[in-house]
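In: Need coordinates for the following:
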Amino acid sequence: MIAAERLGGALLFVAAIPACALAGTPPPPQAVPWLVAAGEPTSKEALFGTAGESKPGAADDTDEEEPEAAPKGGSPGSTGNEPPASKDALFGTGKPGEPASKEAPLGASAAPADASAPKIWGSFDALGAYTYADPEHWSRGVGRFALAASGALSGSVNWKLSGRVDADIVYATSNFYLEPVKVNERFSAIWGENYLDVSAGSWDFRLGAQHIIWGEVIGIFVADVVSARDQREFLLPDFDVIRIPQWAARAEYYAGDAHLELIWIPVPTFDRIGKPGADFYPAPLPSPTPAAVAGLFKDPLRPDRTLSNGNYGVRANTLVSGWDVSAFYYRSFSTDPTFYRQLTGDPAQPFVYQPLYDRIWQAGGTATKDMGEFVLRMETVYTGGRSFAVTSLDAARGVVQRNTFDYVVSADFPLAGDTHLNVQAFQRVYAGGSDSMVIKSDGFGASVFLSTKLTSSLEPQILWLQNFKDAGGLIRPRLNWRLERNTLVGFGVDIFTGPSDGFFGRFNNRDRVYSELRVDF
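Out: Take a look at the predicted model:
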């Protein structure tokens, strides 16, 4: 018999994933990129993370000699004392030939000096997962093939093309999932970054599908407000897999240590949440999900594609007494939907749930400084106009509007013996309270990430994210085994804890073991 709480919860409500998505994933998968720079930058390149990367039309020396493997806590060629420029630099999972930073400023894409010889790189990633929580079942058997190319059309014009194909044998053959879930999960062709860069003096312009990342800390989305996400596997894969590029026009202006960024997204991209009955559908549904329960949830209804429904934003950052500080404002539709209760007029089934995207605004900032022994980073964002599903039947359409305030303070310690420690404190506050929220995500929380090297090829690590109110937690031990410079094998466990109405706890019967093979070329 289906558990009363889960089936009853499914009939009463569904929740949207909160704007501050408490993501957790030890790399790889999901070793998190970094934006911080060590020491006080002395130039635009040092300030904005482009040191060592080619500007438009600049010669790309990565074809001349393959860089040495990065010391723990630094990028290739670093001393190991600098904070990493990216997740891949930090954990040594970068793709050969790919720019060191996944989110380089405009015009900073690596491009060969010879426009007739584009650079090509890619990866193949295979992951198998078995859910050992009741009911036991194979839950993943995915292969991901990604390919990218970049080049230069002239001294001031660069380009990039990329994409990925995913195929999953479990969803192609299993009888555990409903048919709409299997169709949605078994094959995906996904665009990557596909853009044109133009450099004009102090201005750089980027047009096309691109990642716009305004904040990065381990396992948590706070200031990263622009990115859309593929959440069909919750927040467990690598961030490069989760993030979906936005089709945008972007301009950046540099003046000394100051930097201004303007973005316009005429047709926004939204999160992929999957189909009801999938393991990580936002609603805490029973597993397996009966078709009658899945039928209560409609497909998301996206806004009309009009210019007035576009997203836009501005971000500025500079140096202040050694601090790299930024502030931003972003006006958009929320990338993840809120589930509104919708009357049907049918006495047998009086309502269903319709996912809709709220029009919101967000203002926030970041601050980063190398403190010598560790790197300190802070992010904060205030969100207005967002609605959240509630359990009260008296609430109009089953939602209430609540403004939210999110922050995180992160400290990253490079330690002796190729050991890396990161500790974070974070919190979400709802203006007006959160007592009736369907999915609990507010309150104070903390995380710890620890990795070390037993040998040159064996690296154990663990990530633990914990909310100390009602959201629950996520524990992710993993062992990485590097077979070759470009080949990595991983073994890990994903453990969800907490009450069934918590942000993590709603998946407390989705605990799984997994193995992964990744080859970069």
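In: To what extent is residue 348 buried, counted in neighbours?
Out: If you count neighbours by other CB atoms under 10 Å, residue 348 ends up with 5. Any C-beta I mention is one placed from the backbone N, CA and C, and that applies to glycine too.
In: Can you pull the phi/psi pair for it?
Out: phi -70, psi -30 (degrees, to the nearest 10).
In: Next one: it from residue 277, what distance?
Out: 21 Å (CB to CB, to the nearest Å).
In: now residue 471
Out: Residue 471 is 23 Å from residue 277, by CB to CB.
In: element containing the residue nearest to residue 397 when sequence neighbours are not counted, please.
Out: Nearest residue to residue 397 in three dimensions, chain neighbours excluded: residue 340, at 4.6 Å (CB to CB, 6 or more residues apart in numbering). Element membership for residue 340, per DSSP states H and E: strand 338-346.
In: Give me the helices and strands touching the following helix or strand past that strand, please.
Out: The first helix or strand that comes after strand 338-346 along the chain, using DSSP H and E, is strand 349-356. Helices and strands touching strand 349-356, by 3 or more CB pairs under 8 Å, 6 or more residues apart in numbering; DSSP states H and E, are strand 338-346.
In: List of residues touching the strand holding residue 340?
Out: Contact with strand 338-346 is made by 13-16, 282-283, 297-298, 350-358, 386-389, 397-399, as judged by CB atoms under 8 Å, 6 or more residues apart in numbering.
In: Are any of those residues buried, and if so which?
Out: With burial judged by 16 or more other CB atoms under 10 Å, the buried subset of these is 13-16, 282-283, 297, 351-358, 386-389, 397-399.
In: Would you mind listing the buried residues in stretch 507-516?
Out: Quick answer for stretch 507-516 (16+ other CB under 10 Å): 507-512, 514, 516.
In: Return the distance of that stretch from the chain's centre.
Out: Relative to the centre of its chain, stretch 507-516 is centred 19 Å away, using CA atoms, centre = their mean, to the nearest Å.
In: any idea of the mean pLDDT for that stretch?
Out: Mean pLDDT, stretch 507-516: 97.
In: go on, stretch 155-162?
Out: Mean pLDDT, computed over stretch 155-162, is 96.
In: Equivalent analysis for stretch 421-430, please.
Out: Rounded mean pLDDT across stretch 421-430 is 98.
In: related to what we said a few turns ago, now do the strand holding residue 340: distance to the chain's middle.
Out: 30 Å.
In: Adjacent strands (with direction) for it?
Out: strand 349-356 (antiparallel) (DSSP bridges).
In: which helices and strands sit right next to the helix or strand that the strand it pairs with is followed by?
Out: Helices and strands here follow DSSP H and E; after strand 349-356, the next one along the chain is strand 359-370. Judged by 3+ CB pairs under 8 Å, 6+ apart, strand 359-370 is in contact with strand 323-333, strand 375-384.
In: for the shortest one, which positions count as buried?
Out: If you call a residue buried by 16+ other CB under 10 Å, then strand 375-384 has these buried ones: 375, 377-383.
In: And the longest one, by the same measure?
Out: By neighbour count on 16+ other CB under 10 Å, the buried set for strand 323-333 is 324-326, 328, 330, 332-333.
In: Relative to it, what are the paired strands and their orientations?
Out: Partner strands and pairing direction for strand 323-333 (DSSP bridges) are strand 311-320 (antiparallel), strand 359-370 (antiparallel).
In: so which of these comes closest to residue 217?
Out: strand 359-370 (9.2 Å; CB to CB).
In: what's the spacing between that closest one and its chain's center?
Out: 16 Å.
In: cool, stretch 474-489 as well?
Out: Distance of stretch 474-489 from the chain centroid (CA atoms, centre = their mean) equals 19 Å.
In: Can you name the residues bridging to residue 463?
Out: Under the criterion used (DSSP bridges), residue 463 bridges to residue 449, residue 476.
In: What is the burial count for it?
Out: 26.
In: Could you measure from it over to residue 236?
Out: For residue 463, the distance to residue 236 - CB to CB - is 11 Å.
In: same question, residue 287
Out: 16 Å.
In: where exactly do the helices run in the protein?
Out: For the chain, helices defined by DSSP state H occupy the ranges 4-12, 44-48, 87-91, 169-173, 179-186, 239-242, 291-294.
In: quick one: furthest residue from the center of the chain?
Out: The C-alpha centroid of the chain is most remote from residue 347, which lies 41.4 Å away (CA atoms, centre = their mean).
In: And that one, its phi and psi?
Out: phi -60, psi -30.
In: Can you name the residues bridging to the residue nearest to residue 298 when sequence neighbours are not counted?
Out: With CB to CB, 6+ apart as the criterion, residue 298 has its nearest non-adjacent residue at 5.0 Å, and that residue is residue 354. With DSSP bridges applied, residue 354 shows beta-bridge pairing to residue 340.
In: next one: residue 422
Out: Assigned bridge partners for residue 422, using DSSP bridges, are residue 412, residue 449.
In: how close does it get to residue 494?
Out: 19 Å.
In: Please apply the same query to residue 412.
Out: 23 Å.
In: same thing with residue 455?
Out: 25 Å.
In: Which one of those two is surrounded by more residues?
Out: Higher neighbour count among residue 455 and residue 494: residue 494, with 24 against 8, using other CB under 10 Å.
In: Please dump the buried residues of strand 375-384 into JSON lines; it should also carry distance to residue 180 and pLDDT for every row.
Out: Shown next, in JSON lines, are the buried residues of strand 375-384 (distance: CB to CB, whole Å; pLDDT from 0 to 100):
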{"residue": "375", "distance to residue 180": "45", "pLDDT": "97"}
{"residue": "377", "distance to residue 180": "41", "pLDDT": "97"}
{"residue": "378", "distance to residue 180": "42", "pLDDT": "98"}
{"residue": "379", "distance to residue 180": "37", "pLDDT": "98"}
{"residue": "380", "distance to residue 180": "39", "pLDDT": "98"}
{"residue": "381", "distance to residue 180": "34", "pLDDT": "98"}
{"residue": "382", "distance to residue 180": "37", "pLDDT": "98"}
{"residue": "383", "distance to residue 180": "31", "pLDDT": "98"}
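In: Tell me how many other residues crowd residue 306.
Out: Going by other CB under 10 Å, the residues that sit close to residue 306 add up to 9.
In: now the one 5 residues further on
Out: Other residues near residue 311 come to 22 when the count uses other CB under 10 Å.
In: so who does it touch?
Out: 226, 246, 263-265, 268, 330-333.
In: Tell me the one of those nearest residue 123?
Out: Nearest to residue 123 among these, with distances taken as CB to CB, is residue 246, at 22.2 Å.
In: Please name the residues that touch that closest one.
Out: By CB under 8 Å, 6+ apart, the neighbours of residue 246 are 209-212, 226-228, 265, 268-269, 311.
In: May I ask which of those residues has the most neighbours?
Out: residue 226 (27 neighbours).
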